[in-house]
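A.B. asks: Pasting a predicted model and its sequence here:
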Amino acid sequence: MSDYKELILFVEGLSDARFFEEIIIEQYSNQFNHIFVRPYARKVRKDRDFMNNVMVIPHMDHIIFSDLNDCPCCPQKRFEIENIINLKVKIRIVVVEPEIEAWLLAGINQNISKKLKIPYIKDTNNIKKEDFIKMISKRFDSKLDAELEILKYFDIDLAKQRNTSFKYFWNKYVKYRQSTFRT
């Protein structure tokens with residue numbers, strides 16, 4: 001039973017959870033027996049005890065994801081998360097720049113953008129949720145509809161080219177995951 005492993009991905013909200021469930025979990029499926037995606041944004045302080053408890057379980061690995069939002073830099077955002085959660089163990093924090101919507105748009109090419117009637121943005125490093133909502137408002141009835149449609153066509157390799165924080169996450173936590181996590 002010593003090779004039994006679980007991974008929990010703490011994400012900010014439901015949009016983030018959808019993204020990770022559709023795109024990222026599959027990338028870890030050969031390494032972990034179970035993978036959980038758990039939204040935390042609305043109840044960070046309430047989840048603090050839960051997070052502290054699961055992070056010391058020997059077979060449980062974890063990553064916390066947080067949008068950069070209006071924070072000036074990634075190290076500052078990591079510091080804020082560490083202080084809010086006040087974890088008792090060293091944690092992995094990935095900062096999504098600036099928000100998950102940037103990662104979503106990074107994964108669709110020009111043809112798909114045209115098909116979905118969403119403007120094609122070559123560099124998505126500065127796309128915020130509000131920008132995303134403006135881009136999709138004429139074509140989709142809801143943000144959820146747009147997200148689900150984009151996820152059908154999401155191209156990981158393209159996303160790595162168009163968003164530096166996605167590329168960083170991919171290279172550090174997915175591509176080299178064998179050496180990144182506890183053994």
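C.D. replies: Great, that's in hand. Residues are numbered from 1 along each chain as shown.

A.B. asks: Need the three-state assignment for residue 38.
C.D. replies: strand (DSSP: H, G, I helix; E, B strand; the rest coil).

A.B. asks: That one contacts residue 8, correct?
C.D. replies: Yes. Taking CB atoms under 8 Å as the definition, residue 38 is a contact partner of residue 8 at 6.0 Å. Yep, even glycine has a C-beta here, placed from its N, CA and C like the rest.

A.B. asks: Which one's more surrounded, those two?
C.D. replies: residue 8 (20 against 16; other CB atoms under 10 Å).

A.B. asks: Let me know the secondary structure of that one.
C.D. replies: strand.

A.B. asks: For beta bridges, what are the partners of it?
C.D. replies: residue 36, residue 62 (DSSP bridges).

A.B. asks: which residues does it contact?
C.D. replies: Applying CB atoms under 8 Å, 6 or more residues apart in numbering to residue 8 gives the contacts 35-38, 54, 60-62.

A.B. asks: Quickly note the distance from it to residue 82.
C.D. replies: Relative to residue 82, residue 8 is positioned 17 Å away (CB to CB, to the nearest Å).

A.B. asks: List the contacts of the residue lying closest to residue 63 once chain neighbours are set aside.
C.D. replies: Once flanking residues are discounted, residue 63 sits nearest to residue 92: 4.7 Å by CB to CB, 6 or more residues apart in numbering. By CB under 8 Å, 6+ apart, the residues touching residue 92 are 62-64, 173.
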